[in-house]
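[1] test case, fold it:
(chains A and B)
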Amino acid sequence: MSAKEKIFEKLILISAVVSVAAVALITVFIFSSGMPAIKETGVAGFITGTDWSPTNGQFGILPLIAGTLAVTALALLIGIPAGVGCAVFLAEITGEKTARIFRSAIELLAGIPSVVYGFFGLVILVPVIRNVFGGSGFSIIAGGIILAVMILPTIVSISANSISSVPSEFREASLSLGADRRETIMKVVLPAAKSGIFSSIILGMGRAIGETMAVLLITGNVAKMPEAVTDPVATLTGTIAMEMPYATPQHQQALFGIGIILFVIIVLLNGTAQLIMKRFGGAGS
Amino acid sequence: MKENIREKGPKKLKSLLFTRIIQIIAAITLAALLIIIGYILVKGLPGITWEFLSEDPSAMGREGGIFSIIVGTLYVTVLAVLIAMPISVGAAVYFNEYASGKKTVAAIRFFTEVLAGIPSIIFGLFGFAFFVVFLGLGWSCLSGGLTLTIMILPTIIRTTEEALKTVPMAYREGSLALGATRWQTIVKVVLPCCRGGILTGLILGLGRAIGETAAVMLTVGGSLNMPVSVMDSARTMALHLYNLASEGISEEKTYATAALLIIVILIINTAANNIGKRPFKGGRHKKILLQGAKDE
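    Modelled structure (predicted):
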């Protein structure tokens, strides 16, 4: 092997190392920048503090966690039935031609930037909610509905793959036992595909929690504990994006602290989804 | 539906109802998706005029066009793809051709899959702390581009690896048997076979970079001026859309920017899909080749 080739092979090794190191570097930087803020009040104090008022030096992120959880829960409440329903439609009900069109529509949607969804929510959803429920319209409902649309592609594509990979013998056996299509889907196919569906829901949840621009535009960004679904909320991601550009050093540390919490939540969720898919297979990642 | 004849009424009705409900859910979902895109295109397309594309913004974006923003978008995203390209193709070649099957690679892959879901705002935070502040690059095209590079690396690496996997082992063996070195085999045989796959990865990466807002927001600064050097602050289309929308600056310009963004993303994703559909020029032989690769 010539010296030139050796150099090239070293370069390739370096690129592999760089791509892994980049990921490690992110982890190190987020943690080292945010740890001081969390240490000051302790992890428990940081997470359970109910007062987020950076100008007074109060950095309790419970209202932000509540905001994120509220919009995510609503997104899942709408997104799971719609997403799994679409997956069943794609994999079990419709013919190949419709399924292909449907799939490309879903793919198309997955590519639309989140800020566009946010803008749509701002000009359509927020005014409608303002007229129907009163208040400002910037609310948990607005955020939840838009996030539901945004997590659909994730839930639909992974669930549909997982449903399609259920062996056809399962269906044939069920049908030959006298079950009809509904019974076969509900009692045989969906249970057999449940690990993939479950993973898709976890990944969708991760997407909803991590989504920034859409919620930033429509949830109102008020860091108070929400009491109703029509209340405005601030989310973990939205608060970082909004306040970072003009934050004081101490405030910045607290925002990095939020980054750590988000990081940990997402890694736990995605790690779980990956493990489920690896262990039970059939999810076609 | 011959098999339904013997069924009792209520059961048949239930089954029919079930199918209808699923169909309605699917129809509503599809309609919602099309309405979102359709609405923005209908409201935005009239605003996309030659003046809009060719003039610089004035009065904070209330007047004029978005020329400097298009240039800024190109600066930041092309920079990201150009930097990401050698690193990700190199990494994919290493993972697939040199280290495949190793336990560490499996661990690294798990690690990257998990991190692929990290929210973009975290990348923004990192870019701000590392590129803008720690390396002192300031709010600039370069900071934004580097941040996006890290964000799109996993996408390009994964697509390239998938393309590498479709190259049949027999190609590599044939090349090695003819006396080529491993490196010659990779450069002259394996990589040319997956040009399409690599290109797809790069285009998908570009699409992701153009649509990204949160990571760019904390790193490029958001200046409306025409960027000249990569150290200048700039604004991408997605960021411009956010600024216009959140500050309620000009409805017409906001819709037009959103429509333009959608069109660009649609073109990019369509291109990526069409290239991806034909990784080999072999056409009919592809299936046989793939089968051969599977047998290995």
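[2] residues contacting the residue in the stretch 151-296 of chain B positioned nearest to chain A?
    Distances between the stretch 151-296 of chain B and chain A by CB to the nearest CB are smallest at residue B:211, namely 3.2 Å. In this view, the C-beta of every residue, glycine as well, is placed from N, C-alpha and C. Contacts for residue B:211 (CB atoms under 8 Å, 6 or more residues apart in numbering or on different chains) come out as A:111, A:112, A:113, A:114, A:115, B:238, B:261, B:265.
[3] quick check: pLDDT value at the nearest residue to it once chain neighbours are set aside.
    If the residues on either side of it in the chain are set aside, residue B:211 comes closest to residue A:113, at 3.2 Å by CB to CB, 6 or more residues apart in numbering or on different chains. Among the per-residue scores, residue A:113 shows a pLDDT of 93.
[4] give me the number of residues near residue A:113?
    By the criterion of other CB atoms under 10 Å in any protein chain shown, residue A:113 has 25 neighbours.
[5] got it, and residue B:83?
    18.
[6] surely residue A:253 touches residue A:33?
    Yes - using CB atoms under 8 Å, residue A:253 is in contact with residue A:33, at 6.7 Å.
[7] so these two - more neighbours on which side?
    residue A:33 (23 against 19).
[8] out of everything not next to it in sequence, what's closest to the more buried one?
    In space, residue A:33 is closest to residue A:256, 4.0 Å off (CB to CB, 6+ apart).
[9] just the buried residues of the strand or helix carrying residue A:271, please?
    Assessed by DSSP states H and E, residue A:271 sits inside helix A:249-280. Buried residues in helix A:249-280, counting neighbours by 16 or more other CB atoms under 10 Å in any protein chain shown, are found at A:251-263, A:265-267, A:269-274, A:276-277.
[10] just checking, what packs against that helix?
    Applying 3 or more CB pairs under 8 Å, 6 or more residues apart in numbering or on different chains; DSSP states H and E, we find helix A:249-280 packed against helix A:3-48, strand A:58-59, helix A:194-210, helix A:236-243, helix B:103-116, helix B:120-127.
[11] isn't residue A:236 right up against residue A:63?
    No - counting by CB under 8 Å, residue A:236 does not reach residue A:63; the two are 10.2 Å apart.
[12] excluding sequence neighbours, find me the nearest residue to residue B:45.
    Distance criterion CB to CB, 6+ apart; nearest residue to residue B:45, sequence neighbours excluded, is residue B:259 at 5.4 Å.
[13] same deal with residue B:33?
    residue A:109 is the one closest to residue B:33 (CB to CB, 6+ apart), at 4.8 Å.
[14] what's the answer for residue B:18, then?
    residue A:182 (3.9 Å).
[15] residue contacts, the residue nearest to residue A:33?
    So residue A:256 contacts A:30, A:33, A:34, A:37, B:125, B:129 (CB under 8 Å, 6+ apart).
[16] quick one: pLDDT of it?
    94.
[17] and of the contacts of residue A:256, the nearest to residue B:64?
    Nearest to residue B:64, judged by CB to CB, of the contacts of residue A:256 is residue B:125 at 32.4 Å.
[18] if I pick the residue lying closest to the closest one once chain neighbours are set aside, what's in contact with it?
    Excluding its sequence neighbours, the residue lying closest to residue B:125 (CB to CB, 6+ apart) is residue A:259, at 4.8 Å. Residue A:259 is in contact with A:30, A:33, A:34, A:240, B:121, B:122, B:125, counting by CB under 8 Å, 6+ apart.
[19] which of those lies closest to residue B:269?
    Using CB to CB, the contacts of residue A:259 come closest to residue B:269 at residue B:121, 23.1 Å.
[20] does any part of stretch A:55-62 sit near chain B?
    No - using CB under 8 Å from any CB of the partner chain, stretch A:55-62 stays clear of chain B, coming no nearer than 14.6 Å.
[21] what's that stretch in contact with?
    With contact meaning CB under 8 Å, 6+ apart, stretch A:55-62 is reached by A:37, A:41, A:45-52, A:225, A:236, A:250-251, A:254, A:257-258, A:261.
[22] residues of that stretch that come out buried?
    Neighbour-count burial for stretch A:55-62 [16+ other CB under 10 Å]: A:59, A:60, A:61, A:62.
[23] name the element the residue nearest to residue B:18 belongs to?
    Taking DSSP H and E as the criterion, residue A:182 maps to helix A:181-184.
[24] helices or strands next to that helix in the packing?
    Counting by 3+ CB pairs under 8 Å, 6+ apart, helix A:181-184 packs on helix A:168-176, helix B:9-44.
[25] surely residue A:182 touches residue B:13?
    No - judged on CB under 8 Å, residue A:182 makes no contact with residue B:13 at a distance of 10.4 Å.
[26] which one of those two is surrounded by more residues?
    residue A:182 (18 against 11).
[27] where does the stretch 51-200 of chain B come near chain A, residue by residue?
    Residues of the stretch 51-200 of chain B lying near chain A (CB under 8 Å from any CB): B:86-91, B:93-95, B:98-99, B:108, B:110-126, B:128-130, B:134, B:150, B:153, B:157, B:181-184.
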